[in-house]
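Fold the following for me, if possible:
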Amino acid sequence: KKLFKNIEGIRVGITHNFETGNKSLLEIKKGKTLFRSIHSIPKSEWFDVIIPCKRNSQDITISNKSNKDIIISAPALIQKPSHKESQNIIVIVLDSLTNKIVDKDFSKNSKIVPNIYKFFENSHRYVNSFSIAEWTLPSIYSMLSGKYPLEHGYFDLKQNTPNDWNKKENILPVILKKKGYQTFACSTSKVFNPAFGSHSGFDRFFYDIYPHSGRNIHTIIGRAIEQLESNKKGKNFCFLHIIDTHEPWTSRTISENCELMDNIEGAPMEEFINLKSGVGDSKGEPYFDNESINTITKKHAVRIKNVDLYLSLFFNYLENNNFLKNTNIILTGDHGTSYTAGKRPLLNKDRTNVPLFIRKPYCSKKIVKDLLNTGLDFKNIINSIVCDSNNETEEFENKKIYIPNPKRDFIISESLFGIRYKICIRDKNLEMHRVFPYDKKTKKIAYKKPITTTIFDSENKIINRKDYSKFSKITYFNEILIKHLTEKKYI
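Down below sits the predicted model:
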């Protein structure tokens, strides 16, 4: 009672393997009555229980006699229904979803994503949207915070992992929670899990560890349906991170997947330790020759097709249960994928150009060609949806189609691993990649000592250095670069 006042319930979660035999090492009591007694938890599971409590109710006693940590939090169990028609927001993030595959196959005769096409046919489709980074960790936390990777701190697990994410008030789930949304997230990604504080601001955060989870999209869809069913009269924000589209794209049987489990540590905190030591660290996908690229691209397409099939079940549920009249659905990728023959810059177009679909109630088909940065713009996209549904126009203009204001003339993506800082500045006709040394001690970028510079034209061909003078925009991009590094205090 001293810790949590004026709440409707508390949540107890265990993030570790928990095996105690017959002896109960974790007990939860309401008054003198035993509410729950826990002896063991399977290696791959996350246990949590919500205990209802009201003012002047019995004391709740939690006895943890084990050597494992537990998490106690106060979720918002019951959200007050909106005085107007509720507006749900569902975000589907498909890992490593490059725009290249979807763009070529996005038609009525689609062989790869027929269900995504059908569902998002009458929606806003952004064809020039780019991720802020080239892998999951920095991209996801940028989407939730609206900050660059070096600003929010999730960029290289060997060097730095922020410990203050749960204290931030300006991240998306916290903002929506204050606006009366019941916030929900589900993930099977090693880097988007409670060990990194990613559950902060979410009333419910379900995390299943790969490969124990099998990267099964149907598990995430099932959780999302449970959330919508349990809060039909309220407002829901569902953030679904689906990693099935990320390599390796195997087609193993259930028994083969089980055989792999013994080689992978399972608990979130153990995953955290592994990642800190470099296990699972993302440094870019391997490079393949032209013949291998064709094979692996086909595997990618097969995996996306499988996800498309399962998403159709979710889309049917939304339609059959009358959710579409008051639900906004966004589908995008956290980053793209590139398996290039020969070395290419890490932040190349295939690896950062991601699909973005926004389906609102009663919206019409629209292809938007404006530049969009999914890391910086995502929070504003959600806020524009919230303001559209509530007619609140003080902070954001009430627009049916979201376009950054002012419009973006260029997109900046960045990456930092070890002692190399990589940055890409691009518009619709030109993209400039530069690499600089990074000093771990001072945490500064030596921009006066560039390591490499690579510039591509509109046809994705490298521009020779001797021809730089023919492109006046190169000078402009370098000015943008210095301004960016200075404003962000990187130098």
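
What ranges does the chain have for its helices?
Assigned by DSSP state H, the chain shows helices spanning 99-105, 114-120, 136-145, 149-152, 172-178, 217-230, 254-260, 268-276, 290-320, 349-352, 374-390, 473-487.

buried ones in the second one?
Neighbour counts using 16 or more other CB atoms under 10 Å place 114-117, 119-120 of helix 114-120 among the buried residues. Heads up, the C-betas are built off the backbone N, CA and C, glycines and all.

Dump those into TSV; add pLDDT as well.
Shown next, in TSV, are those (pLDDT from 0 to 100):
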residue	pLDDT
Pro114	91
Asn115	94
Ile116	94
Tyr117	93
Phe119	96
Phe120	95
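
Next, format these as JSON lines and append distance to Lys325.
Shown next, in JSON lines, are the buried residues of helix 114-120 (distance: CB to CB, whole Å):
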{"residue": "Pro114", "distance to Lys325": "24"}
{"residue": "Asn115", "distance to Lys325": "20"}
{"residue": "Ile116", "distance to Lys325": "20"}
{"residue": "Tyr117", "distance to Lys325": "21"}
{"residue": "Phe119", "distance to Lys325": "15"}
{"residue": "Phe120", "distance to Lys325": "17"}
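
Pull the contacting residues for Val354.
Neighbour list for Val354: 97-99, 129-131, 332-336, 374 [criterion: CB atoms under 8 Å, 6 or more residues apart in numbering].

re earlier: turn the helices of the chain into CSV, columns for distance to Asn163.
Output for the helices of the chain, formatted as CSV (distance: least, CB to CB, whole Å):
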stretch, distance to Asn163
helix 99-105, 35
helix 114-120, 38
helix 136-145, 13
helix 149-152, 12
helix 172-178, 17
helix 217-230, 27
helix 254-260, 32
helix 268-276, 11
helix 290-320, 34
helix 349-352, 28
helix 374-390, 21
helix 473-487, 25
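
shaky segments in the stretch 251-400 of the chain?
251-296, 339-343, 388-400 (pLDDT under 70).

The closest residue in space to Leu371 that isn't next to it in sequence: what's it in contact with?
Distances taken as CB to CB, 6 or more residues apart in numbering put Arg408 closest to Leu371, at 4.2 Å, once the chain neighbours are dropped. Residues near Arg408 by CB under 8 Å, 6+ apart: 370-373.

Now for Gly222, how many residues are close by?
Neighbourhood size, Gly222 [other CB atoms under 10 Å]: 15.

Tell me how far it lies from Pro138.
Gly222 sits at a distance of 29 Å from Pro138 (criterion: CB to CB, to the nearest Å).

before we move on, what about Ile463?
Taking CB to CB, one finds Ile463 at 28 Å from Pro138.

Which one's more surrounded, those two?
Each of Ile463 and Pro138 had its neighbours counted (other CB under 10 Å), and the higher figure belongs to Pro138 (30 against 16).

I'd like to know how far that one sits from Tyr148.
Applying CB to CB, the value for Pro138 to Tyr148 is 8 Å.
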